[in-house]
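**Student:** Have a look at this fold, sequence not included:
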C-alpha cells in the first residue's frame, strides 16, 4: 500500500482567504488572444483586431499563461480532462443517520416528489397555444410561465433536464418508470408543437417555444418588447439534450436538431444582412448558456454548424476584457454571465482553445477574490457590486427594531450558485484541485441545500439573505418562499436540477491513471466499471458533533491492477484530529494536510475499509472587505457550515475575543451552537427564522 498527500495550487478565497493563483505575475500579463476559430470574417475589428485573430490550430500552449496544469495539452485539439465525472446512473445516494448528514438524500427524494407532482399538460400549455393546438387544461401554471409570459417555456426545459437527471439517479424501478413517462410526454408534446407549426408555416420549421415568435423578430430587429428570448431557448434545448443523453430518447434529439438548424439559419441571416456588430447588440440581453448547449451538441454530432453556432454566442464586450486579465464583473447582472462562462469552459474542452481556458480561470479567480461571500455565493440585487467591499452588500436598513427591505435581504441569487458550481466542476476536471473541491462543498452546503423548504412540496426561495436580522420569507423583495404552481422563477428551474443531480460531483475518475477521487462526503455508492470497482461511502457526524466520519467500503468486484483512491482532506479539517485508516491501520504517514488529497494506491480487495475522520472546530472567515472599519467582521464557520445567529433585530455585534473562539462557541449534539448573546445554527438548516449571517466580533463590538 502506498499513500501520499497531494496538494494542488488552486485556492479559493472562501476556503483560505488567499489569492487563487500560485504565480502573481500570471495575472499581470495580458495573454495574446486566441479567438474561437469559426468567427465570421466580417467580425467587428474593434473587438477583434486582425493581428490577434489567431486560429486555435496555430496557437501554442506558451501563447497564453495557463492558470492550470496543461498536462500535455496539444494545441488545436480538445482540452485534456484530468478527472472525469461519473454518470448519474453510476452513483446512488443513500440515507444517513444524522439529520444534517441525511440532508442531501432527503432533498433528492423531496425533489422527485415535486417532479412527479407536476403535470406535463400545464407545462406544455403555452407551447400548444403558440403552435395553434388545443389545450386540455383551462390555463397554464402561473408565475413566470403564466399565459403570455415573455419567458414561458424556460421551466419546461429545466423540467426536462431535472427529470432526465432523476431518471439516471433513481434506482427504484417504479419511480424511474413514472419519471420516464412524464419526460416522454413533454418531449412528445414539444415534437407535436414543432411539427404543427412547420406544417402551418414552413418558414417556422424547427421553431418551438412557449412564447410568440414575434419576440425573436423583436430581438433581431432591436425593436422590443422582449426579455430573454435565447435564455428560454437554451433551457429548452439543454433539456432536450439532457433527456437524450440520460433517457436515450431519440425524439428529444430530433426536436433539438431541428431547433438548432432553425436558429442557426436565423442568426446567419441577421449577420449576413445587418453585420456582426448588429448581432453583438442582440447578445446584450440574457441568453443563458446557448454557447454551452451548442458545444455539447457539437461534441455529439461533430457538425461544424453546431460549433459555429456556439461561437456566435461569444460576448466580446464581456469576454475580451477577461482574456486581457481585466475585471469585467462589476455592476454586471450575475446570472446573465455565469452561464456564458460555463459555455466558455466547455468550449476549451471541445476545441482546445487556450484563451477560453484562460477566460474561465481568470473569471473564477476574479469572482472569488472580489465578489464572494463566506457561503461561496456572490451578488446582491442580482448584480456583482462592491468588489472587495462586500460590507455594503450585506447592509440592512431598519425601522425601529425591525429590519426592512434593503440589500441585505437580496444577496446570493440561487441560480448564480447553481451556475458557479458548474464552473467549479469544469475547472476541477481540468486540474483535480483540492481547493476547487473545497470550494464546491462550501457553495453546495451553504448556498444550495437551504433553498428548498424541507417537508414542503415544490417550495423554493429565490435568494439567500446574508444581512442582519434577515429571513428567507422576506427575500426576493418579500416574495419569500415560492408556490408549487404559481412561481416558477428562474431559481425554481435551477433548484429542481440541483436536487436531481446531487450525486454528480461526489466522485471523479481517471481511467488511464486508475485514480478515483472522493470529493464530497455524502452517503452514497459508485460503480466504476473501467476499474471493476464498486465503492460504498457511509458518512455521518459523530454523536458529539465534533467530527465528520466517512466509512468507505470496497464492494463486489475486484481488480488485479493497482488503483488509487484520492481522498480529500477538507481545508476546514482540524489537522491534529484527522485520521485515515485502511483496514484498521493508519495510512497517514505524518499529519494529513488540510486542503489536499491523500492518495492511497494498492490492489484493492472486496471488503477493504477506509475510515476517514475529520475533526471540526470553529473558525472565523473574514468578510470580503478590505476597509479597516470591517476588519472585525466575519462569518462563523464550523466544518463546512456557515453558522447563522437567530435574531429579530438588525444586529450583528458579538462581544468576544475572536482569537479565543474555541472557548466561547459551544456546540450541542443537535448542531445548535451558543455564543455570547447568540444561538446559532447552520444556515442551510434555517427555514423561516430571522437571522444574521455575519458578525462584528470584538470585545467592544457594536452594530
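**Tutor:** In hand now; what should we look at? This structure is a prediction, so every number in the text was calculated from the model and none was measured.
**Student:** Would you mind checking the average pLDDT for stretch 535-544?
**Tutor:** Mean per-residue pLDDT for stretch 535-544: 95.
**Student:** Buried residues in it, which are they?
**Tutor:** By 16 or more other C-beta atoms under 10 Å, the buried positions in stretch 535-544 come out as 535-541. No exception for glycine: its C-beta is placed from N, CA and C like everyone else's.
**Student:** List the contacts of residue 459.
**Tutor:** Neighbour list for residue 459: 452-453, 481-484 [criterion: C-beta atoms under 8 Å, 6 or more residues apart in numbering].
**Student:** By neighbours, which of the residues you listed wins?
**Tutor:** Comparing those by number of neighbours (other C-beta atoms under 10 Å), residue 452 comes first, having 26 neighbours.
**Student:** in the stretch 301-450 of the chain, which spans are strands?
**Tutor:** Assigned by DSSP state E, counting those that start in this stretch, the strands in the stretch 301-450 of the chain fall at 397-399, 402-404.
**Student:** so what secondary structure elements neighbour the first one?
**Tutor:** If I follow you right, that is strand 397-399. strand 402-404 (3 or more C-beta pairs under 8 Å, 6 or more residues apart in numbering; DSSP states H and E).
**Student:** residues in contact with the strand it packs on?
**Tutor:** Against strand 402-404 from outside (C-beta under 8 Å, 6+ apart): 396-398, 409, 467-470, 474, 648-650, 690.
**Student:** burial of residue 695, as a residue count?
**Tutor:** Counted with other C-beta under 10 Å, residue 695 comes out at 28.
**Student:** ok, it to residue 646 distance?
**Tutor:** From residue 695 across to residue 646, the span is 12 Å (C-beta to C-beta, to the nearest Å).
**Student:** What of residue 422?
**Tutor:** According to C-beta to C-beta, residue 422 stands 33 Å off from residue 646.
**Student:** before we move on, back to that, CSV for the contacts of residue 459, including pLDDT and secondary structure?
**Tutor:** What follows is the contacts of residue 459, written out as CSV (pLDDT from 0 to 100; DSSP: H, G, I helix; E, B strand; the rest coil):
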residue, pLDDT, secondary structure
452, 97, strand
453, 97, coil
481, 97, strand
482, 97, coil
483, 97, coil
484, 98, coil
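**Student:** Closest to residue 508 out of those?
**Tutor:** Checking these against residue 508 by C-beta to C-beta gives residue 452 as the nearest, at 25.2 Å.
**Student:** Please point out which parts of stretch 127-134 sit buried.
**Tutor:** Quick answer for stretch 127-134 (16+ other C-beta under 10 Å): 127-131.
**Student:** how about the helices in the stretch 101-250 of the chain?
**Tutor:** Applying DSSP state H, counting those that start in this stretch to the stretch 101-250 of the chain gives helices spanning 103-117, 120-123, 125-131, 154-169, 173-200, 214-221, 229-247, 250-274.
**Student:** Highest mean neighbour count out of those?
**Tutor:** Counting by mean count of other C-beta atoms under 10 Å, helix 154-169 has the highest mean neighbour count of these, with a mean of 28.
**Student:** Quick one: mean pLDDT for that one?
**Tutor:** 98.
**Student:** For that helix, name the packing helices and strands.
**Tutor:** So helix 154-169, by 3+ C-beta pairs under 8 Å, 6+ apart, packs with strand 91-93, helix 103-117, helix 120-123, helix 173-200, helix 229-247, helix 490-500.
**Student:** Please tell me how far residue 652 sits from residue 636.
**Tutor:** Distance from residue 652 to residue 636, by C-beta to C-beta: 11 Å.
**Student:** who touches both of those two?
**Tutor:** With C-beta under 8 Å, 6+ apart as the test, residue 652 and residue 636 both reach 645, 695.
**Student:** picking up where we left off before, nearest to residue 147, out of the contacts of strand 402-404: which one, please.
**Tutor:** residue 474 (28.8 Å).
**Student:** Correct me if wrong: that closest one contacts residue 409.
**Tutor:** Yes - taking C-beta atoms under 8 Å as the definition, residue 474 is a contact partner of residue 409 at 5.4 Å.
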